[in-house]
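# sequence plus the predicted model coming up.
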Amino acid sequence: MSKIVNYFDEMRDELVHKVSWPTWSELQGSSIVVMIASVIIAVIVLIMDSSFRVVMENIYKLTN
């Protein structure tokens, strides 16, 4: 049981004293970058999906 308590004490000490937490402005900047990247990737996937749909519709028209 003492090993478990020791583990949690060390974990708390590391989180409080050794981890460098981002500032609020750094966190906001990173969040904006992630949102922009997500939108760009979503647009790319939309374009690829639409292109594939058009190609498949043309293939189906040729086979019928």
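Perfect, I can see it now.
# the helices in the chain, which residues?
According to DSSP state H, the chain carries its helices in the segments 2-17, 24-63.
# could those be laid out in JSON lines, adding mean pLDDT and mean neighbour count?
Just so you know, the C-beta spots here come from the backbone N, C-alpha and C atoms, and that holds for glycine as well. Output for these, formatted as JSON lines (pLDDT from 0 to 100; neighbours: other CB atoms under 10 Å):
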{"stretch": "helix 2-17", "mean pLDDT": "93", "mean neighbour count": "9"}
{"stretch": "helix 24-63", "mean pLDDT": "97", "mean neighbour count": "10"}
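# return the distance of Ile4 relative to Gln28.
Look at Ile4 and Gln28: by CB to CB, to the nearest Å, they are 37 Å apart.
# I misspoke; the intended subject was Asn64.
In terms of CB to CB, Asn64 sits 54 Å off from Gln28.
# now do Ser2
Remark: distance between Ser2 and Gln28 (CB to CB) = 42 Å.
# how about Met1?
From Met1 over to Gln28 the distance is 42 Å, taken as CB to CB.
# what's the answer for Asp49, then?
Relative to Gln28, Asp49 is positioned 31 Å away (CB to CB).
# and what of Arg53?
Using CB to CB, we find Arg53 at a distance of 37 Å from Gln28.
# and what of Phe8?
Taking CB to CB, one finds Phe8 at 31 Å from Gln28.
# same question, Ala37
15 Å.
# can you check Ile41 too?
Counting by CB to CB, the gap from Ile41 to Gln28 is 21 Å.
# Val16 too?
23 Å.
# ok, now Pro22?
Distance of Pro22 to Gln28, computed by CB to CB: 9 Å.
# what does Met56 give?
Between Met56 and Gln28 the distance is 42 Å, computed by CB to CB.
# Ser38 now?
16 Å.
# same question, Thr63
Taken as CB to CB, the span from Thr63 to Gln28 is 53 Å.
# equivalent analysis for Glu57, please.
43 Å.
# same thing with Ile59?
47 Å.
# again with Leu62
Distance of Leu62 to Gln28, computed by CB to CB: 52 Å.
# okay, now Thr23: neighbour count?
The tally of other residues near Thr23 (other CB atoms under 10 Å) stands at 9.
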